[in-house]
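# for reference, the sequence and a predicted model appear below.
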Amino acid sequence: MANDLGHTQFFKVEAPQENGVHKILEVVYEAMLEKGYNPVNQIVGYIMSGDPTYITSHNGARSLIMKVERDELVEEMLTQYIRTYHWNEKK
């Protein structure tokens, strides 16, 4: 079928799903709590060192977090922090 330049094509973008990094952090955080670890300390240890043994394998948390680059984890956490404290609003 030849292109008809007399008509406008429509392109529909599906609504974005929940950020995958956000969901991974949520699962990892919950798994760390369930196992009795301090999630903040353990996640920071992982981000700083790259050593996945800081993250429990409970509920597949270790495998999940390793699917994401560490800088993406930092970006997601900083983005959420900024949103929480409304830094992006002009005062």
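Yep, that arrived.
# what about stretch 42-59, distance to the chain center?
In terms of CA atoms, centre = their mean, to the nearest Å, the centre of stretch 42-59 is set 15 Å apart from its chain centre.
# restricting to C-alpha, output it in CSV.
Extracted as CSV, the C-alpha positions of stretch 42-59 are listed here (Å, rounded to 0.1, in the frame of the first residue of the first chain):
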residue,chain,number,x,y,z
GLN,A,42,22.4,-2.9,52.7
ILE,A,43,21.3,-1.1,49.6
VAL,A,44,23.9,1.7,50.1
GLY,A,45,26.6,-1.1,50.6
TYR,A,46,25.6,-2.6,47.3
ILE,A,47,25.5,0.7,45.4
MET,A,48,28.9,1.7,46.8
SER,A,49,30.7,-1.6,46.3
GLY,A,50,28.8,-3.4,43.6
ASP,A,51,28.9,-6.5,45.7
PRO,A,52,25.6,-8.3,45.3
THR,A,53,26.0,-10.2,48.6
TYR,A,54,24.8,-7.0,50.4
ILE,A,55,21.4,-8.0,49.1
THR,A,56,19.4,-11.0,50.3
SER,A,57,18.4,-13.6,47.8
HIS,A,58,15.0,-13.8,49.6
ASN,A,59,12.2,-13.4,47.1
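# which other residues reach it?
Applying CB atoms under 8 Å, 6 or more residues apart in numbering, the contact partners of stretch 42-59 are 25, 27-32, 34-35, 37, 61-63, 65-66, 70, 73-74. Yep, even glycine has a C-beta here, placed from its N, CA and C like the rest.
# dump the residue contacts of the most centrally placed residue in the chain.
Geometric centre of the chain, nearest residue: Val21, 1.5 Å, by CA atoms, centre = their mean. Val21 makes contact with Val68, Glu72, Leu73, Glu75, Glu76, according to CB under 8 Å, 6+ apart.
# please repeat the previous calculation with a cut-off of 7 Å.
By CB atoms under 7 Å, 6 or more residues apart in numbering, Val21 lies in contact with Val68, Glu72, Leu73, Glu76.
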